[in-house]
Structures are given as C-alpha cells and as structure tokens.
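Student: Predicted model and sequence follow; I will ask about them next.
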Amino acid sequence: MPNTIVNHSFHRGFFNSPFRPAPFLANPHLQTLFASFHRNKPAKLQRERQRISLADGDFVLLDTYTPAQVDARAPLVLIVHGLSGSSESHYVLGLQKVLAEQHWPSVAMNCRGATEPNQATRAYHAGASDDVIAVFEYLAQQQSRSVVIVGYSLGGSMTLKALAELGKHPRLLAGVAVSTPLELVACAKRLDTGFSMIYRKHLLSELNQLWRSKQQYLEKTGESIAAKRIQQCLDQGPFTSFWQFDDVLMAPLHGFNDVYDYYARCRPNQFLKDIQVPTLVIHALDDPFMSPLVVPKLSELSPMIHFELAQQGGHVGFISGTLKSPVYYLEQRVPAFLNFIVDATVAQSTAA
C-alpha cells in the first residue's frame, strides 16, 4: 500500500477512508473472515505476562512487549481485544508487532475470563470501562510515558466509554476504536438476519463454552452461590439471539435490569461527545455485524473525534493488497494516526 494512503490526512469529524479492498476480497464477509482462515499469526513477540488485581478482588492478565531500545517519544499503547478474543487474536499480535518495529512499547489486555476463568461472577461487556480504566491507571503508575488506548469491536465499545470517563487525564494521549458496535440495538438486530446469523451462532457457541467453563471453575473453587447463579442462566439456553443471551445472562450478572437497560446504558455513541483527547474511529459501512444505522450524527461527535468512514472493509478486516500478498491496512493506519498525534504533540511542545 502506498505511503500516501497510509498517511492520508486525519480530519476531525467525518472523513472518507482511503482504504480500498484487495481484488477478489471486496465482499464484506471475505474481508471479515479472510485473516481468521488464511493468515498465519504474526511471529510471537517475547511478551511478559502480568496478572494484576482489580478493586473487587478479581484479576486481568496483561501481555507486555517492551523493545530493547524504546523510542523516547513513544507512548505506551494499551490494546483491548473484541468479543471472544484475547491477546492472541491476530489483530492484536499484528499491531504489537508493527509497534515493536517502530520501537514502541505495548500492552495487550486480556479481559476478564478471556483466557482462563476469572474469580468474580461477572466477565466483560460493552460497558466494562471500569476494567480498562483500572488497567490504564495501573500502567500510568508503573511508568512515566503517556498512554494510548486502542480497542477493537466490543473492546472499542469499552475503550470509547473509558476515554469519555477519563476526560483530560494528564497521562492519556489519544484513543482508537475499530469496528465498534456503536448502537447495540441495531447490531443485535443485524446479527439476526441473513449471513450474519453465522457469526451470531459462532459467537454464542464460544460464549456458552466460556461461561460453562467459568461455572465449573467456580463450583470447584467453592464459589457455589456464584456458580449456581450462572448455571441458572445457562439452563435457560440454548441461546439463539444476542437479545436473549444478553437479557438472560449478561444483564443480570452485570448489574443491569434487563437487555434494554444494558443496551441503553452502554451504547457507545452516547459517549462520543464527552471524549477530550484525539480519537480515531474506523468504521466500514458494509460491516456485517452492524448496519449504517449505527453511524452517529455529526452533532454527536466531540471536536476531538476523527471519524474515518470506509465504504468497505467488513468487521476488523480492512485487507488491501492482493490475495497472495495481503496488506493489513489497520496495522498501518492505526500506527500512522498515533505517529500523527505524537508529531503534533511534539510540535506543540516545541512551539511553546
């Protein structure tokens, strides 16, 4: 991909994405699925795993990569995966590898229960900004660099809410949210139609396995009350829609009255107006996990939002190049934005 595309201007408000799909990969489902089936995972970095405690006694796992020589200007990049993902997701590993090549440190967050059963009844969800903020604050205390938060899909939902709540935190430099379900109601409806039902079936199957493993773990560790609550929810399955799953299991186990309360309180678009640091939102209109109805109005955007709107790209896809030599646009575009922000910050500091 030419550098002129990667370094295409980042305008505030809405702007058209320079992304163009690879020939024969213009279909949104091919964009979405190609990397999962045809991409070799990026070579693993020598990451350091940390287990950090949360305020409620639970924990999350972090996978940190620190280059031998770190760019003095570089922020620390915190990466939040999507639903049923982890620090092993190809898009997380791909971004960490590119950041490593430019001598930037990064931390991949494994949300509660993503890689092993966690200790609390709750897991993570679209509004779990508290966990992202807890990790952010931990990282801010451990080192002196500014921090950037990058979230994908459901991780993007958590990220946008966290950015709004952090406001002008002195250690927060910028944010990025990719393929985020900006309106949860519209996304749940979309996953009940057409080919998108395949994604729904796959995700619900994985989530069911994760929650059953969690229930069994809590039973073995003597947390019988918590295990029973989860079992009672699972017994109401099998779940055939996210509406049902979120109403029966996610809402009651995470402090919401019902699915409507969960979706209303956690819909990401409502938080965009409150974001006070430069934030790039990358969204494809053909994303099969959502519909054009999720795109916010200009009046809903904070002046700090750079909203990159692509006609194509699928869900966390954005693959250009060719079939034989695919180019993962997000792994060029996200670092390009972060460098753009760092350059602007340095220039502003020098001028002052």
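Tutor: Yep, that arrived.
Student: Okay, now the unreliable bits of the chain?
Tutor: Along the chain, segments meeting pLDDT under 70 span 1-7, 352.
Student: Which parts of it are strands?
Tutor: For the chain, strands defined by DSSP state E occupy the ranges 13-16, 48-53, 59-65, 76-80, 106-110, 147-152, 172-178, 279-284, 305-310, 319-321, 326-328.
Student: Could you list every helix and strand in contact with the first one?
Tutor: Right, the one you point to is strand 13-16. Contacts defined by 3 or more C-beta pairs under 8 Å, 6 or more residues apart in numbering; DSSP states H and E place strand 13-16 against strand 305-310. (Glycine included, C-beta is placed from N, CA and C.)
Student: Show residues contacting the strand it packs on.
Tutor: Residues outside strand 305-310 that contact it (C-beta atoms under 8 Å, 6 or more residues apart in numbering) are 10-17, 19, 272, 275, 278-285, 295-296, 301, 318, 333, 337.
Student: now with 7 Å?
Tutor: 10-17, 19, 272, 275, 278-285, 301 (C-beta atoms under 7 Å, 6 or more residues apart in numbering).
Student: again, but for stretch 122-129
Tutor: For stretch 122-129, using C-beta under 7 Å, 6+ apart, the contacting residues are 111-113, 131, 154, 157-158, 161-162, 165, 181, 184, 250, 253-254, 265-266.
Student: Over to stretch 243-257?
Tutor: Stretch 243-257 has contacts (C-beta under 7 Å, 6+ apart) with 121-122, 125, 188, 204, 207, 211, 229, 233, 236, 239, 258-259, 261-262, 265.
Student: mind running it again at 6 Å?
Tutor: Applying C-beta atoms under 6 Å, 6 or more residues apart in numbering, the contact partners of stretch 243-257 are Thr121, Arg122, His125, Ala188, Leu204, Cys233, Gln236, Phe239, Asp258, Val259, Tyr262.
Student: just checking, what's the longest helix in the protein?
Tutor: Assignment by DSSP state H gives helix 196-220 as the longest helix of the chain.
Student: Just the buried residues of the contacts of stretch 243-257.
Tutor: Among these, those classed as buried by 16 or more other C-beta atoms under 10 Å are Thr121, Arg122, His125, Ala188, Leu204, Cys233, Phe239, Val259, Tyr262.
Student: is it possible to export the contacts of stretch 243-257 to TSV including distance to His103?
Tutor: Converted to TSV, the contacts of stretch 243-257 look like this (distance: C-beta to C-beta, whole Å):
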residue	distance to His103
Thr121	41
Arg122	37
His125	35
Ala188	41
Leu204	41
Cys233	46
Gln236	50
Phe239	45
Asp258	48
Val259	45
Tyr262	41
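Student: Quickly check these for the two that are furthest apart.
Tutor: Thr121 and Ala188 (22.8 Å; C-beta to C-beta).
Student: just the helices in the chain please.
Tutor: 3-6, 28-38, 90-101, 129-142, 154-166, 184-190, 196-220, 224-234, 242-245, 251-253, 259-266, 330-351.
Student: quick one, which of the ones you listed is packed in tightest?
Tutor: The highest mean neighbour count among those, using mean count of other C-beta atoms under 10 Å, belongs to helix 154-166: a mean of 27.
Student: can you give me the angle that one makes with helix 90-101?
Tutor: 60 degrees (axes from the mean of the first three to the mean of the last three C-alpha atoms, to 10 degrees).
Student: Could you list every helix and strand that helix 154-166 packs against?
Tutor: Applying 3 or more C-beta pairs under 6 Å, 6 or more residues apart in numbering; DSSP states H and E, we find helix 154-166 packed against strand 76-80, helix 129-142, strand 147-152, strand 172-178.
Student: Now find how far off-centre the second one is within its chain.
Tutor: So that's helix 129-142. For helix 129-142, the gap between its own C-alpha mean and the chain's C-alpha mean amounts to 15 Å (C-alpha atoms, centre = their mean, to the nearest Å).
Student: Output it as CSV, nothing but the C-alphas.
Tutor: Taking C-alpha atoms only, helix 129-142 is exported to CSV below (Å, rounded to 0.1, in the frame of the first residue of the first chain):
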residue,chain,number,x,y,z
SER,A,129,-14.9,0.7,31.0
ASP,A,130,-14.0,0.2,34.7
ASP,A,131,-11.6,-2.6,33.8
VAL,A,132,-10.0,-0.6,31.0
ILE,A,133,-9.6,2.4,33.4
ALA,A,134,-8.1,0.1,36.1
VAL,A,135,-5.5,-1.2,33.7
PHE,A,136,-4.8,2.3,32.4
GLU,A,137,-4.3,3.6,35.9
TYR,A,138,-2.0,0.7,36.8
LEU,A,139,0.1,1.4,33.7
ALA,A,140,0.2,5.1,34.5
GLN,A,141,1.6,4.3,37.9
GLN,A,142,4.2,1.8,36.7
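Student: Thr322: neighbour count?
Tutor: Residue neighbour count, defined by other C-beta atoms under 10 Å, stands at 12 for Thr322.
Student: Not counting residues beside it along the chain, what's closest to it?
Tutor: Nearest non-adjacent residue to Thr322, counting by C-beta to C-beta, 6 or more residues apart in numbering: Ala22, 5.5 Å away.
Student: Which neighbouring residues are in contact with the spatially closest residue to Gly317 that is not a sequence neighbour, exactly?
Tutor: Nearest residue to Gly317, sequence neighbours excluded (C-beta to C-beta, 6+ apart): Gln31, at 3.2 Å. By C-beta under 6 Å, 6+ apart, the contact set of Gln31 is Leu25, Gly313, Gly314, Gly317, Ile319.
Student: shouldn't the fourth one be in contact with Thr32?
Tutor: Pointing back at Gly317 there. Yes. Using C-beta atoms under 6 Å, Gly317 makes contact with Thr32 at a distance of 5.0 Å.
Student: Okay then, goodbye and thanks.
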